[in-house]
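K.L.:
Just to be clear, the model below is a prediction. Sequence and coordinates:
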Amino acid sequence: MTRAAVAVPPGGVWRAALAVLATAFVLPPAGCREDATAPAELLPPRVVLPLNALYRYTTWELDDYGGKVPGSDHRRRWVVLSTGADSFGYSDVTLVGDSSEQGETTLAFRFTPEGDIYQHGYIAGLVQTLEGRTIEPRWDLLGAYSKGWSASWTVGVLDSAGTEAMTGSSSAEELFFTATINGVTTIVAGYPVVLSSRSMETVLWVSENPSAFVRLREERFPSLAGRPGTLREVTMMNVP
C-alpha cells in the first residue's frame, strides 16, 4: 500500500473512523525575530485549545492503495470541554469531546509551556483501530516542538512489553488546506509531523494560525485486510 507522504484518539484515543486527526486545535501564530536585519525565523507552533472551541471533521477509510473508500466518509465533531482538568496524573489536561454517528468519547491532551503536545492513549487507539489489539493507554508525545524543527523523539510503544517503539519527527515544510474558520472559507498552512514504527505510520499536519490539526492520516504496512488505514480532514472551526 502507499504510505503517507510525511495525530488526532478514543477514551483517550482515536478510532478508525476517527481516522485522522485532520484534527483541529487552536494554536497561536508562530513567532519571528524582531531584528529587521536578520532573516525571519519560523518558530514551531504552540497549541492553545480555547474552552468551548468547536471543530468539525470528515473522516474516510483508506484502501490498500491509500485511496479513499467510496461511501466510507463520516462526520466528526470536537468540542473543548475543559482546559485545566485533573486527569491521568496531571492537573493541566485539556479534555475534548469527540462525537460522531458511531458514538462519543473524551480525548485528553497536554500542551506544555515549552511547546510539546501529549495525548493520552493515542497509540493504544491506533493499535486497536489498525490491528485489533488492546494495549495499556499511556501519555504519548505527538509533538516535541521544544526540540525545534527537524528534531526526532520517542512517541511511545506499540506493545505492552515495550519492544516496538514509535518515533516522531517534524518539519517546517508547508502544505496548504482549505477550511472554514468562524464561517469564512480560507487557506490554512499545515506543517507535517510524522509518527512511525516498523508496522505503522501516522502523518498529521499542524496549523499554527489558527491552531489545528488540519489533516491526519493513519496507515499500517503491510496493510491488513479491512484495516489499511484512515484519513481525517478538518472542514470547519469555530474558535472563540
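P.N.:
That came through, no problem.
K.L.:
Just to be sure, A172 is in a helix?
P.N.:
No: going by DSSP: H, G, I helix; E, B strand; the rest coil, the assignment for A172 is coil, not a helix.
K.L.:
what's near enough to touch it?
P.N.:
A172 sits next to 42, 149-150, 191 when contact means Cβ atoms under 8 Å, 6 or more residues apart in numbering. C-beta here means a position set from N, CA and C on the backbone, and glycine is covered the same way.
K.L.:
Now tabulate the residues you listed in a markdown table and tack on neighbour count.
P.N.:
Listed next are the contacts of A172 as a markdown table, based on neighbours: other Cβ atoms under 10 Å:
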| residue | neighbour count |
| --- | --- |
| L42 | 15 |
| W149 | 15 |
| S150 | 10 |
| Y191 | 24 |
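K.L.:
Filter the residues you listed down to the ones in strands?
P.N.:
Y191 (DSSP state E).
K.L.:
can you redo the contacts of A172 as TSV with pLDDT and distance to D92?
P.N.:
Formatted as TSV, those follow (pLDDT from 0 to 100; distance: Cβ to Cβ, whole Å):
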residue	pLDDT	distance to D92
L42	71	27
W149	84	25
S150	79	27
Y191	88	24
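K.L.:
how about a markdown table for the contacts of A172, with distance to G97 added?
P.N.:
Compiled in a markdown table, the contacts of A172 are given as follows (distance: Cβ to Cβ, whole Å):
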| residue | distance to G97 |
| --- | --- |
| L42 | 32 |
| W149 | 32 |
| S150 | 34 |
| Y191 | 26 |
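K.L.:
Strands along this protein, start to end?
P.N.:
Under DSSP E, the chain gives strands at 54-62, 74-87, 90-100, 103-111, 116-120, 139-144, 152-157, 165-170, 175-181, 184-196, 200-208, 211-224, 227-238.
K.L.:
need the least confident one among these, by mean pLDDT.
P.N.:
Across the strands of the chain, strand 211-224 has the smallest mean pLDDT, namely a mean of 82.
K.L.:
Now for the residue nearest to S100 when sequence neighbours are not counted: which residues touch it?
P.N.:
Spatially, and ignoring its direct neighbours in sequence, S100 is nearest to R76 (4.6 Å; Cβ to Cβ, 6 or more residues apart in numbering). Applying Cβ under 8 Å, 6+ apart to R76 gives the contacts 17-18, 56-59, 98-100, 232.
K.L.:
now swap in S87 and tell me
P.N.:
Contacts of S87 (Cβ under 8 Å, 6+ apart): 93, 95, 108, 120.
K.L.:
Bridged to it, which residues?
P.N.:
S87 has these beta-bridge partners by DSSP bridges: Y90.
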